[in-house]
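Trainee: Just need the structure, nothing else, for what follows:
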Amino acid sequence: MKILVVDEDEESRERIRTALGLRGDVSVEEAGSAVEGYERAQAMGELDVLITAALMAPQDGFHLRTGLKAAYPDLRVAFVSRTDLKRHMGKVEGDMIFYKPVDVEALGAWLDGETVGEIEEATASTDESTMEGGDGVAAGTGEEEGAEDAVLEVALGVLENTRIGDYELGEVVSFSNRAETYHAMQLSVKRKVALTILRPEFMEHRPGAVEEFLEEVRAKAGVVHAHIAPVFEVHEDEKAIYYTHELIAGSSVDQLVSGGARLNEAVFVGLIRDIADSFEYLREKKVSYAELEARHIFLTPDQQGRLANIADAGRQTDERSETEQIRAFGEMIKPLVDLDGSKGELAGELIYMMGHEKDRDVNGSWAQMRQATAGGAKGGVEEGEASGMPDMATKVARARRRKELTKKALLGLLVGVPVLALLLLIVMVNRAEGPEAKAFDTMIRVPVGAFPYQDGAEPVELEAFWIDEHEVSIAQYAEFLRALGDEDTGVYDHEDQPEEKTDHYPLKWDEMYRAAKRGTKFEGQPIDLNCPVTLVDWWDAYAYARWKGRRLPTEEEWEKAARGRDGLIYPWGEEFDAAMLNSGQDYDPKSLDGSGGDLDGYVFWAPVDAMEGDVGPYGVIGQGGNVSEWTDSWDFHPSHPDRMVPVKRGGSFLSRDNLEAIVRRPADSAEERGVSLGFRTASSERPEE
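Mentor: All right, here's what the predicted structure looks like:
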């Protein structure tokens, strides 16, 4: 059996390839895009099965299937996706869907010709009267006679806005081939929960499905730990089998990383402590659990680490050693902290040790990792708190001794310098100036017309507009603050700006601006007045734009400026080139000295006009990287669907992946600030010359 796996997500491809590699009857090829997949399939000369991501850019899996079926009419196709495909069911056309992480057992059964709950077009095309609350009452209260039976017979995700028992269901938030998870409200106690229900078609076609599901739920229900999401209730009858569990507040690590969030040392070390404590409990209780992913780890609003309940009855046990698990965990979280030795000594030590093969005395077990965080809230490890961990205590002590010796050496040098020379040195440092600030006042006109927004299924028509050629610089933002002076800052505020926000100074503004004027370092990296202003929240960006007589660009405007009428993948074209933009492709987070920049010349931010290759079809510069940018568009928070948040667009110097110009980045809140987050302005009117 010849199989081709096509997905931009390398981890997903590896998961499928590893599972298929255990079979002796298959030959597997893989590709990272639809274009590459089509070429690979043509070269194969024979193809039986296509397993492809449904949503990719610039060509999706549906187009790939169409092209390949012309050459291989009997081709079997399975689509994989991490997001809801209900809007695309017409394109699925009866082929298989697997939601990520792919259930490899179900995938194997499907390859063997078994029925494992595939989504057929007939069941996907639910009767309009059912969806609108007619005879089938799927959109009603669920209390009418036969309502639950009707609901459970229809297709994927239609339990939204229905009632099952004591629960009112909201949106469906995750899928697998055997179950769906919804946001829900427990009506009797007015409690928000997550509800996971076993899909009826999976029960029908898979022997033992019910018992497997209940075994997993029992395993989860047996977990009682302060930092692991608990199971609340299990329900089983002839109509439905489901369980409810905690709806974790906050953001997951993958959301934090993709949004460019950075944690201070105390919060970062606390996150490690809470997750290590959770795994120490699971290991001590001999609980089997699935492989840890970044989406399983959460940081709550009160800055506590929480772990999704990944307990399992042994069906998907993570068989890696604890050291391997800890190293994987370190890779997930290290983008969340600045590894600057002067500001994150313990954080840097922990990240180093989690990834270092020789530090088995520290990263050999979750219990040792938990001990290593002792004293983290105080910003260090005290001598008595590293008991049982001589290597950790020695390493920390050695690092501190080096720091003290360095200070003493510098002090001795200064004492030996003549007073006059020392005074001259001080004067020179204080008078040092960086590069002169440039005038970035040009705005680019983007003409009227349609362009293929997002997947291009429904082109968007936009009126002509103007957008800044460059991101707003530190010098420009300083003009804004000087103009405000003692003036009431409310003049330019958004009407919904929180009352407690009383000014528009970015975080660490004095430190940032002083370093930028002198051309020295901020946050350990070179900076000058021509670099983009960062550490501004959405309210700051809005006020600046209004002061300029402009506004923030909408998502659609931002994307059209970046992609043009032809819908380019990247502002400069169809092929990725790390030298064209300032991204995280060459940033080495393992290094405590901030080394990197070998590909684009910069470790952190670059002057807003530095990356001449990062230019879009209309001449707008810097939309591919440097810093992500605030837009005027808002959307539902990915973890809190009852909350609207602004959307950011564009990659940054921290972004290693997801650098395509269609990528949307919902913020955690309008108050979010980051060293990799800035903005540019737009206008519907021609700017004054």
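
Trainee: Is it correct that S628 is in contact with G650?
Mentor: Yes: here S628 lies in contact with G650, judged by Cβ atoms under 8 Å, at a distance of 5.0 Å. All C-beta spots, glycine's among them, are computed from the backbone N, C-alpha and C.

Trainee: So E559, which state does it fall into?
Mentor: Look at E559: counting by DSSP: H, G, I helix; E, B strand; the rest coil, its state is helix.

Trainee: and what of G67?
Mentor: G67 - assigned by three-state DSSP - is helix.

Trainee: Beyond the helix or strand encompassing F298, next helix or strand please.
Mentor: Per DSSP states H and E, F298 falls inside strand 297-299. Downstream of strand 297-299, the first helix or strand assigned by DSSP H and E is strand 305-307.

Trainee: helices and strands around that following strand, which ones?
Mentor: helix 265-284, strand 297-299 (3 or more Cβ pairs under 8 Å, 6 or more residues apart in numbering; DSSP states H and E).

Trainee: and these as JSON lines, adding mean pLDDT and distance to W538?
Mentor: Output for the helices and strands packed on strand 305-307, formatted as JSON lines (pLDDT from 0 to 100; distance: least, Cβ to Cβ, whole Å):
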{"stretch": "helix 265-284", "mean pLDDT": "91", "distance to W538": "22"}
{"stretch": "strand 297-299", "mean pLDDT": "93", "distance to W538": "20"}
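
Trainee: deepest of these, which one?
Mentor: Per-stretch averages of neighbours, counted by mean count of other Cβ atoms under 10 Å, single out strand 297-299 among the helices and strands packed on strand 305-307, with a mean of 25.

Trainee: Now render the helices and strands packed on strand 305-307 as JSON lines, adding distance to I3.
Mentor: Output for the helices and strands packed on strand 305-307, formatted as JSON lines (distance: least, Cβ to Cβ, whole Å):
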{"stretch": "helix 265-284", "distance to I3": "35"}
{"stretch": "strand 297-299", "distance to I3": "32"}
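
Trainee: For E212, find the nearest of the ones you listed.
Mentor: Among the helices and strands packed on strand 305-307, the nearest to E212 by Cβ to Cβ is helix 265-284 (20.1 Å).

Trainee: Could you report the separation of V210 from E204?
Mentor: To E204, V210 is 11 Å away according to Cβ to Cβ, to the nearest Å.

Trainee: who's more crowded, these two?
Mentor: Higher neighbour count among V210 and E204: V210, with 14 against 10, using other Cβ atoms under 10 Å.

Trainee: isn't the more buried one right next to M203, touching?
Mentor: Yes: with contact defined as Cβ under 8 Å, V210 reaches M203; the gap is 5.9 Å.

Trainee: Give me the common contacts of these two.
Mentor: Here V210 and M203 have I241 as joint contacts, going by Cβ atoms under 8 Å, 6 or more residues apart in numbering.

Trainee: Run through the residues that contact P646.
Mentor: W538, W630, T631, D632, S633, W634, P666, A667, A670.

Trainee: just checking, it is part of a strand?
Mentor: Yes: under three-state DSSP, P646 sits within a strand.

Trainee: Name the nearest residue to it, ignoring sequence neighbours.
Mentor: What sits nearest to P646 in space, not counting adjacent residues and going by Cβ to Cβ, 6 or more residues apart in numbering, is W538, at 4.6 Å.

Trainee: Kindly report the same for P230.
Mentor: Nearest one to P230, counting by Cβ to Cβ, 6+ apart, is E246 at 5.6 Å.

Trainee: again with L299
Mentor: G250 (5.2 Å).

Trainee: Neighbours of the one you found, how many?
Mentor: G250, neighbours per other Cβ under 10 Å, totals 18.

Trainee: With P526 instead?
Mentor: 18.

Trainee: Phi and psi next, for it.
Mentor: Recorded main-chain torsions at P526 are phi -60, psi 140, according to degrees, to the nearest 10.

Trainee: list the contacts for L169?
Mentor: L159, E160, N161, T162, R163, Y182, H183, A184, L195.

Trainee: what helix or strand does the second one sit in?
Mentor: In this structure, E160 sits in neither a helix nor a strand according to DSSP H and E.

Trainee: Quick one: low-confidence residue ranges for the stretch 251-400 of the chain.
Mentor: 313-316, 339-344, 356-363, 375-400 (pLDDT under 70).

Trainee: measure T181 to P230 for me?
Mentor: Distance from T181 to P230, by Cβ to Cβ: 15 Å.

Trainee: Neighbour count for the two, which is higher?
Mentor: T181 (18 against 14).

Trainee: Check which helix or strand the more buried one maps to.
Mentor: For T181, the secondary-structure element it belongs to, assigned by DSSP H and E, is strand 179-186.

Trainee: partners of that strand, with directions?
Mentor: As defined by DSSP bridges, the strand partners of strand 179-186 come to strand 167-175 (antiparallel), strand 191-198 (antiparallel).

Trainee: In PDB, could you pull the C-alpha coordinates for the last one?
Mentor: What follows is strand 191-198 as a C-alpha-only set of coordinates in PDB (Å, rounded to 0.1, in the frame of the first residue of the first chain):
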ATOM      1  CA  ARG A 191     -21.100  26.400  36.600                       C
ATOM      2  CA  LYS A 192     -19.100  26.600  33.400                       C
ATOM      3  CA  VAL A 193     -17.600  23.200  32.500                       C
ATOM      4  CA  ALA A 194     -16.200  21.300  29.500                       C
ATOM      5  CA  LEU A 195     -18.400  18.300  28.400                       C
ATOM      6  CA  THR A 196     -16.900  15.400  26.400                       C
ATOM      7  CA  ILE A 197     -19.400  13.100  24.700                       C
ATOM      8  CA  LEU A 198     -18.700   9.800  22.900                       C
END
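
Trainee: List the buried residues for it?
Mentor: Counting neighbours by 16 or more other Cβ atoms under 10 Å, one finds that the buried residues in strand 191-198 are V193, A194, L195, T196, I197, L198.

Trainee: which residues sit against that strand?
Mentor: Against strand 191-198 from outside (Cβ under 8 Å, 6+ apart): 159, 164, 167, 169, 173, 178-186, 209-210, 213, 232, 240-247.

Trainee: Under the pLDDT cut-off, which ranges of the stretch 51-200 of the chain? List them.
Mentor: 57-59, 84, 86-87, 116-158, 175-177.

Trainee: hmm, back to that, would you mind checking the contacts of strand 191-198 for buried ones?
Mentor: Buried among the contacts of strand 191-198 (16+ other Cβ under 10 Å): 159, 164, 167, 169, 173, 178-186, 209, 213, 240-247.

Trainee: Could you count how many residues lie near V35?
Mentor: Counted with other Cβ under 10 Å, the neighbours of V35 add up to 16.

Trainee: which stretch of helix or strand covers it?
Mentor: helix 34-44.

Trainee: Pull the distance from that helix to the chain's centre.
Mentor: In this view, helix 34-44 has its centroid 29 Å away from the chain centroid, taken as Cα atoms, centre = their mean, to the nearest Å.

Trainee: Now the element after that helix, going C-ward?
Mentor: strand 49-53.

Trainee: Need the residues that contact that following strand.
Mentor: Contacts of strand 49-53 (Cβ under 8 Å, 6+ apart): 1-9, 12, 16, 34, 37, 41, 60-61, 64-65, 68, 75-81, 98, 107, 111.

Trainee: hmm, back to that, most widely separated two among the buried residues of strand 191-198?
Mentor: Longest span within those, Cβ to Cβ: V193 and L198, 16.7 Å.
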